[in-house]
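[1] model the structure of this input:
(one chain, ligands or ions: 1)
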Amino acid sequence: MSGKLYLCPTPIGNLKDITLRTLECLQSVDLIAAEDTRVSMKLLTHFGIQAPITSYYEHNKREKGHYLLEKLKDGVTIAVITDAGMPGISDPGEDLVRMCIKEGIPVESLPGPCAFATALVASGLPTGRFAFEGFLTVNKKNRLEHLHALKTDPRTLIFYEAPHKLRSTLKDMLEVFGDRSVVLARELTKKYEEYRRTTLSEALYYYEETPPKGEFVILLAGADTEEIRASQLADLPSAEELIRAYANEGMRAKELTSRVAEELKQPRREIYDLYLKMKETL
Ligand code: SAM
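    Numbers count the residues shown, from 1 in each chain. As a prediction, this is how the structure comes out:
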């Protein structure tokens, strides 16, 4: 009989945010796999949890993942915890989950603290559709490419960022997205929790004056769909240009009208009327 993998979220600041289920789980598993054992020992000691603990982090996840998998196959129950929040969200856990699923080992995810979900629901930005983008890479070219790929995304965009990189990230965002609305959610669940609901240029101005401190979630308003449509239309050739180009190719009125109407997403009747007006000059 195989064991089971439990994904246990831990507080992102306020220790009272640990759930009863997580405590019960951590008390009853055979082994706890923690991202940083020193950080997690403080939490476990606080709650009087004494299960054996082992490390499982970004740079040992390959070998350690196989070791944990063998233990699970032998019937051991393992809880994965990280320094804060939900395992697998910009934190270790994802690979181990995949390995377990492949081997038919049960995986149970316990709900609990997660910085981006906490920030999103209080941001005031649309919550119906959002994209969690995690940390941007430090490589400037790749970072800008990543941002450019999101330029016309209408969903609320969510990023994690370290305080020392916040200013350069805001600068890049301003360059790519223009002066959009942004929410900076800082130090969530902690004493100096703060939501700064502002624009990219104002946020940049503020943090050039005030060095950013603490942990941040950046929530950026999605692209305005009206604006996208307008810029797409501006990029399209005009109906007159298309009619002239197709007429020069020798296209007949019926086909020409259908093609232009289809390409510009405009009613055929309007294109045909325009064609008739231009006919003498074609
Ligand atoms: N697994 C975690 C979760 O579920 O949110 C995220 C871990 S990731 C390594 C750490 C990042 O999460 C921080 O750099 C910051 O962007 C965000 N974060 C974590 N705790 C936070 C807090 N209390 N307030 C604001 N952001 C936080």
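
[2] would you mind measuring the gap between the ends of stretch 157-176?
    Distance between the two ends of stretch 157-176: 13 Å, counting by CA to CA, to the nearest Å.

[3] swap in stretch 178-192?
    Start-to-end, stretch 178-192 (CA to CA) is 29 Å.

[4] and the gap between residue 18 and the ligand?
    13 Å (CB to the nearest ligand atom, to the nearest Å). No exception for glycine: its C-beta is placed from N, CA and C like everyone else's.

[5] let me redo that: residue 50
    Distance from residue 50 to the ligand, by CB to the nearest ligand atom: 24 Å.

[6] not counting sequence-adjacent ones, nearest residue to that residue?
    Using CB to CB, 6 or more residues apart in numbering and skipping the chain neighbours, the partner closest in space to residue 50 is residue 44 (7.6 Å).

[7] the one you found touches residue 37, doesn't it?
    No - between residue 44 and residue 37 there is no contact under CB atoms under 8 Å: 9.4 Å.

[8] between these two, which one's more packed in?
    When residue 44 and residue 37 are compared for neighbours, residue 44 comes out ahead with 20 against 15, by other CB atoms under 10 Å.

[9] the helix or strand that one falls within near the ligand at all?
    Element membership for residue 44 (DSSP states H and E) is helix 37-46. No - using CB under 6 Å from any ligand atom, no contact is recorded between helix 37-46 and the ligand, whose separation bottoms out at 11.4 Å.

[10] for stretch 129-140, same thing?
    No - Stretch 129-140 stays out of contact with the ligand when judged by CB under 6 Å from any ligand atom, the minimum separation being 7.1 Å.

[11] any idea how far that stretch is from the chain center?
    Remark: stretch 129-140 is offset 6 Å from the chain centroid, using CA atoms, centre = their mean, to the nearest Å.

[12] how about stretch 191-211?
    Mean C-alpha position of stretch 191-211 versus that of the full chain (CA atoms, centre = their mean) differs by 20 Å.

[13] contacts for it next, please.
    Residues outside stretch 191-211 that contact it (CB atoms under 8 Å, 6 or more residues apart in numbering) are 13, 119, 122-124, 163, 166-167, 170-171, 173-174, 177-187, 214, 220.

[14] equivalent analysis for stretch 156-165, please.
    90, 115-116, 119-120, 123, 125-127, 129-136, 138, 150, 169, 211-222.

[15] go on, stretch 236-244?
    Taking CB under 8 Å, 6+ apart as the rule, stretch 236-244 contacts 245, 256, 259-260, 263-264, 266, 270-271, 274-275, 278, 282.

[16] tell me what residue 131 is bridged to.
    Legend: beta-bridge partners of residue 131 under DSSP bridges are residue 157.

[17] helix or strand for residue 182, which one?
    Assigned by DSSP H and E, residue 182 falls in strand 181-186.

[18] hang on, the earlier thing: out of the contacts of stretch 236-244, who's nearest residue 94?
    residue 263 (42.9 Å; CB to CB).

[19] and the strands in the stretch 51-200 of the chain?
    53-55, 77-81, 107-109, 130-135, 156-161, 181-186, 194-199 (DSSP state E, counting those that start in this stretch).

[20] please state the offset of the one helix or strand residue 240 maps to from the chain centre?
    Assigned by DSSP H and E, residue 240 belongs to helix 239-248. From the chain centre to the centre of helix 239-248 is a distance of 43 Å (CA atoms, centre = their mean).

[21] go through it and flag the buried ones.
    Across helix 239-248, burial judged by 16 or more other CB atoms under 10 Å covers 239, 242, 243, 246, 247.

[22] heading C-terminal from that helix, find the next helix or strand.
    By DSSP H and E, the next helix or strand past helix 239-248 is helix 253-264.

[23] distance from the helix holding residue 44 to the middle of the chain?
    The answer for helix 37-46 is 28 Å, by CA atoms, centre = their mean.

[24] for it, packing partners?
    Contact partners of helix 37-46 among helices and strands, from 3 or more CB pairs under 8 Å, 6 or more residues apart in numbering; DSSP states H and E: strand 31-34, strand 53-55.

[25] change it to 7 Å
    Applying 3 or more CB pairs under 7 Å, 6 or more residues apart in numbering; DSSP states H and E, we find helix 37-46 packed against strand 53-55.

[26] understood, closing this out.
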